[in-house]
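> coordinates only, sequence not included:
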């Protein structure tokens, strides 16, 4: 088997007393779209800057195509970067900005200009080659930054929150464009973002990071449906948490209202992550908690509750239901119906197969 | 446009500005008064007196300045010293500014270096130039050291040479270029340098294609400042020349303080001013010629 395009082994990095990366390992294959997702300070940007060569890791190894690049300066690494603030050269025209990379790699002036023009066409800005960066809108600068990177035909492109400075509409459009461009060029993307929706909609695999560690690597579906840790369950999408404890028979009992629901499905064994009490937590997505018309609906575990809030989120309705001590969220398509308001007595329920269990206690 | 066509230019444009102008006037008054009193009026006085000879308007003073080869020689010496000083200050100051802004990572150390650099500005030019007279003398510290470590066999003469004057001026003018370049360097976004490295540039290429062009405006500002200050310097050349070298400001000083010929002195002043401005404009033109940015 040929070596992975990018292979990261046990990367560690400290900034003074702050442990930014605590042993991160990751493999990226050719043509893959990887999103590094996590809250600020989770180490995703540090990881990206280590790959690009702007930071030297304290420990671990980075290989590209099997060759270690850990000690190589940035200009000797076979990859390119799209920066968060685009970092276009203000003293060069758009075309000169894009031709900069090819020129540094010894491409003759004429051919470099030709390739720059092609790259500009690729991002749909062929008419703006003579402009200067400050004469462009944010979205246009974004595309130029992209063209300046892909014109070098790298096998690996690093993107550091490239869409974060754009407004929402433009951002959504650029997400689709970026994804299409990535598929068309067959370049592997490593894309840093703190926006889970962005990661979900674009990436083949999502790397969820927290406090300098990788919590989970998986497809968008996998990290949403089967989060590996409580942090992932909490960070990706919304979730109801049902506190659970071992029942003594190798199964669990999860608190749902006044009931203690027995659960014998797959769940993590008690270990360091489960805390002293061996606690585990059931994760239930709001769309799986349904409002039912009867308490004995077949296939459902049900409880009675009282509506505390009805929130119309545009096309979807979020109903907050007080069940016992817990405030649970139920989401469904459509507008809030009549007769559903604060104080309404309702029956809520879910199918046990929609429950997913992670280690640790629920976050209050 | 409409107002101009209807033959009433006052109505439309005048509608909004008066209130804004009236509000701005008190704020503008002080700087305008200061500028008029201390820049415009003296300039007019010097210019008008230079155009008077024997109580009547005349260009005789300028004829006296420009038709005398001696003045051209002094002008050449003055600008040669100014140019050499500017060159030396740039070659010393640019790396120093780069070091302070980009290499020194401790804020305290950087602040300390800047204070050290500025501290001499708090003492008088005269004191500092006297200091150099002592250091550069035949038996001064500089000669003693150079002879002591065997670089020289006999002491060389600094005082009364252009080299001596240049050394004195470089010392006095160095902070100006360091501050100008340092400020410009500090505004260059380091991610631009990262982007350059990312696109395949060695640190050397990055410097010449990204960092240097981006702080060129600051460098040019510093160069112009240093050149004009060096060309118009009086105290340092006067003290370090040992009476053997004459620069243009010394001629002007003589006319005003010894001969009391304000007409001839004025013409000398205006001549130095015009030549300096022409050279500075040329430098500015060269600086902008690199990138014709709209």
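Okay, I see it. It should be emphasised that the depicted structure is a prediction, and the values quoted were computed from it without experimental measurement. Residues are numbered from 1 along each chain as shown, chains lettered A, B, ... in the order given.
> how about the residues of the stretch 51-200 of chain B by chain A?
Counting by Cβ under 8 Å from any Cβ of the partner chain, the stretch 51-200 of chain B comes close to chain A at B:189, B:191, B:192, B:194, B:195, B:196, B:197, B:198, B:199, B:200. C-beta coordinates here come from the backbone N, C-alpha and C atoms, glycine included.
> make CSV from those residues and add neighbour count and pLDDT to it.
Putting these into CSV (neighbours: other Cβ atoms under 10 Å in any protein chain shown; pLDDT from 0 to 100) gives the following:
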residue, neighbour count, pLDDT
B:189, 15, 92
B:191, 17, 94
B:192, 20, 96
B:194, 20, 95
B:195, 29, 96
B:196, 25, 96
B:197, 24, 96
B:198, 27, 95
B:199, 29, 95
B:200, 22, 94
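> for the chain, give me the ranges with low pLDDT.
Defaulting to chain A. The model of chain A has pLDDT under 70 over residues A:270-278, A:362-364.
> switch to chain B, please.
Short version for chain B, where the test is pLDDT under 70: B:1-18, B:287-294.
> the same query, at a cut-off of 80, please.
For chain B, the stretches with pLDDT under 80 are B:1-22, B:283-294.
> just the closest of the residues of the stretch 51-200 of chain B next to chain A to residue B:19, please.
Using Cβ to Cβ, residue B:189 is the member of these that lies nearest residue B:19, at 40.5 Å.
> give me every residue that touches the closest one.
Counting by Cβ atoms under 8 Å, 6 or more residues apart in numbering or on different chains, residue B:189 makes contact with A:85, A:87.
> now do it against residue A:142, distance only.
Remark: distance between residue B:189 and residue A:142 (Cβ to Cβ, to the nearest Å) = 16 Å.
> and the strands in the stretch 51-200 of chain B, which stretches?
With DSSP state E, counting those that start in this stretch applied, the stretch 51-200 of chain B shows strands at B:52-53, B:56-57, listed in chain order.
> dump the residues of the stretch 51-200 of chain B next to chain A to JSON lines, plus distance to residue A:247.
Formatted as JSON lines, these follow (distance: Cβ to Cβ, whole Å):
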{"residue": "B:189", "distance to residue A:247": "59"}
{"residue": "B:191", "distance to residue A:247": "55"}
{"residue": "B:192", "distance to residue A:247": "61"}
{"residue": "B:194", "distance to residue A:247": "55"}
{"residue": "B:195", "distance to residue A:247": "58"}
{"residue": "B:196", "distance to residue A:247": "62"}
{"residue": "B:197", "distance to residue A:247": "58"}
{"residue": "B:198", "distance to residue A:247": "55"}
{"residue": "B:199", "distance to residue A:247": "60"}
{"residue": "B:200", "distance to residue A:247": "61"}
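> which of those sit farthest apart?
Spanning the widest gap among those are B:189 and B:200, at 19.0 Å by Cβ to Cβ.
> max-length helix in the chain?
Defaulting to chain A. helix A:168-185 (DSSP state H).
> wrong chain, I was asking about chain B
Chain B, longest helix under DSSP H: helix B:69-98.
> for that helix, which helices and strands make contact with it?
helix B:162-186, helix B:212-231, helix B:248-254, helix B:262-289 (3 or more Cβ pairs under 8 Å, 6 or more residues apart in numbering or on different chains; DSSP states H and E).
> closest to residue A:204 out of those?
helix B:212-231 (38.3 Å).
> just to revisit the earlier point, pull out the buried residues from the longest helix of chain A.
A:171, A:174, A:175, A:177, A:178, A:179, A:181, A:182 (16 or more other Cβ atoms under 10 Å in any protein chain shown).
> repeat for stretch B:181-193
Residues B:181, B:182, B:184, B:185, B:188, B:191, B:192, B:193 are the ones in stretch B:181-193 that count as buried (16+ other Cβ under 10 Å).
> same question, stretch A:97-108
Going by neighbour count (16+ other Cβ under 10 Å), the buried part of stretch A:97-108 is A:97, A:98, A:99, A:100, A:101, A:102, A:103, A:104, A:107.
> farthest pair in these?
Between any two of these, the greatest separation by Cβ to Cβ is 14.8 Å, found for A:97 and A:107.
> what parts of chain A come near chain B?
Contact residues, chain A versus chain B (Cβ under 8 Å from any Cβ): A:52-54, A:73-75, A:79-81, A:83, A:85, A:87-91, A:100-101, A:104-105, A:132, A:148, A:152.
> mind listing the strands for the stretch 251-364 of chain A?
Counting by DSSP E, counting those that start in this stretch, one finds strands in the stretch 251-364 of chain A at the ranges A:252-256, A:259-263, A:280-284, A:290-292, A:301-312, A:316-323, A:326-333, A:345-350, A:356-359.
> what of the stretch 101-250 of chain A?
Ranges of strands in the stretch 101-250 of chain A, per DSSP E, counting those that start in this stretch, are A:156-160, A:188-193, A:205-210, A:213-218, A:240-246.
> got those as JSON lines, with distance to residue B:262 and mean neighbour count columns?
JSON lines is the format used below for these (distance: least, Cβ to Cβ, whole Å; neighbours: other Cβ atoms under 10 Å in any protein chain shown):
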{"stretch": "strand A:156-160", "distance to residue B:262": "66", "mean neighbour count": "24"}
{"stretch": "strand A:188-193", "distance to residue B:262": "71", "mean neighbour count": "25"}
{"stretch": "strand A:205-210", "distance to residue B:262": "77", "mean neighbour count": "25"}
{"stretch": "strand A:213-218", "distance to residue B:262": "81", "mean neighbour count": "20"}
{"stretch": "strand A:240-246", "distance to residue B:262": "91", "mean neighbour count": "22"}
